[in-house]
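Kindly generate the corresponding structure for this input.
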Amino acid sequence: MTIRKFNYTKFAIFIIIVIGIIIGTIYGVSTIVSNIKYTKTYEYKLLNIGYSDEEVKIILNKLDNNKIEDILKRDVNSNIISFINEKFFIYDNLDNYLEYKKNNKEKDFSTIVSIINTEANVEWIDNAKQTDISKGELMLVNRLYGLSSDYVPEDITTIPIKYAYDNVKISNSILDSITSLIEDAKAEGFTFVVSSGYRSYKEQKKLYNSASSSYGKSEADEYVARAGHSEYQTGLSFDLEPYIYTKKVKKVKDSSEYKWLRENAYKYGFIFRFESDKEYLTKFQEDIWRLRYVGSDASQIIYNENICFEEYYSYFVNRGE
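Just a heads-up that it's a prediction; the model follows:
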């Protein structure tokens, strides 16, 4: 009987083939599984409905899962991506952004975000809301948000005559910040004085009625707040003006006093409340020397981002950021 010699070479080839088949099968199965899994990802779903690779990256980077699910239910719209990419985009306002853009095609996305966030598109007289006084120094009082007729800050105090005209009052909580600013300005050669401060609901009503009688309500509403809608009633807003200009200039903003205040007010927690480039949001004409206390954290952001208080409030306060 002839005993065949075991062929190690053929056996090795057989083993290699079997291993190759197993590896190929595993790879094929894993690829199929991966593909199945990929079809369930948001990336695949967004690409599948028509968004580009770049648009998908923006959506995935900017939105959480719940918001992405909502995007998937909507028709593909490049305007959605443009709005999502805006710095102060608020998702809950998306439909309002889109609707406003539809009727205002000439306006850029950043402007629309600001208008909708601050409710600058709302006619205030029919939509007045109660100011949330629990926000303290960050409470919002403007044409939409108002204080009750009996609201009076508990810590109203008279500003020392050294820093203000006679009988000007302010919230005691910000008095030290005001005097520090004035003293530091004086050390650099600028003398400022508080020319107006806290004003009661009754006083504001009298002032508004007088302006309304003289100029009509439409014009008065651009310069004088209605009772309850004036920040003076908070005790956190005031006018700080140079006592004597050190230089005669044609434009106030060219004065060294204004420039110094512009560059330093935020360091003490103050912001310029009504500025010319934000009139379309605040709905009030520019008030050059009007300051408002918001605290150092908020004033730093408002200064750095060049935004008004309405913009800050809508994004950082109202959203709980």
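
Distance-wise, check residue 238 relative to residue 198.
8 Å (C-beta to C-beta, to the nearest Å). No exception for glycine: its C-beta is placed from N, CA and C like everyone else's.

the more surrounded of these two?
Per other C-beta atoms under 10 Å, whichever of residue 238 and residue 198 has more neighbours is residue 238, with 29 against 23.

Run through who's touching the strand or helix carrying that one.
In this assignment (DSSP states H and E), residue 238 forms part of strand 237-242. Applying C-beta atoms under 8 Å, 6 or more residues apart in numbering, the contact partners of strand 237-242 are 168, 170, 178, 181-182, 190-198, 230-232, 255, 257-258, 261, 273, 287, 289-293.

go with 6 Å
Contacts to strand 237-242, defined as C-beta atoms under 6 Å, 6 or more residues apart in numbering, come from residues 170, 192, 194-197, 231, 257, 289-292.

list residues touching both of residue 238 and residue 198?
Shared contacts of residue 238 and residue 198, counting by C-beta under 6 Å, 6+ apart, come down to residue 170.

tell me the mean pLDDT over stretch 310-321?
For stretch 310-321, the mean pLDDT works out to 87.

Start the count at 692 instead of 1 going forward.
Got it, the first residue is 692 from now on, which makes the last one we talked about stretch 1001-1012.

Now do the contacts for residue 793.
Neighbour list for residue 793: empty [criterion: C-beta under 6 Å, 6+ apart].

The host helix or strand of it: how far from the chain's middle?
For residue 793, the enclosing helix or strand under DSSP H and E is helix 785-794. How far helix 785-794 lies from its chain's middle: 18 Å, per C-alpha atoms, centre = their mean, to the nearest Å.

Report the buried residues of it.
Buried residues in helix 785-794, counted by 16 or more other C-beta atoms under 10 Å: 785, 787-789, 791-792.

just these now: which is nearest residue 831?
Of all the buried residues of helix 785-794, residue 787 has the smallest distance to residue 831: 18.6 Å, by C-beta to C-beta.

do you know how far the closest one is from residue 803?
From residue 787 to residue 803 the distance is 9 Å (C-beta to C-beta).

okay, and the common contacts of these two?
Counting by C-beta under 6 Å, 6+ apart, residue 787 and residue 803 have no shared contacts at all.

could you give the mean pLDDT of stretch 803-816?
Averaging pLDDT along stretch 803-816 yields 91.

Please apply the same query to stretch 825-838.
Mean pLDDT, computed over stretch 825-838, is 95.

Give me the buried stretch members for that stretch, please.
By neighbour count on 16+ other C-beta under 10 Å, the buried set for stretch 825-838 is 829-838.

Tell me which two in those residues are the farthest apart.
Longest span within the buried residues of stretch 825-838, C-beta to C-beta: 829 and 834, 17.8 Å.

since we're on residue 878, how many residues are nearby?
Other residues close to residue 878 by other C-beta under 10 Å number 8.

check contacts around it.
For residue 878, no contacting residues are found, by C-beta under 6 Å, 6+ apart.

For residue 951, see how far away it is.
Residue 878 sits at a distance of 11 Å from residue 951 (criterion: C-beta to C-beta).

swap in residue 889?
25 Å.

again with residue 857
25 Å.
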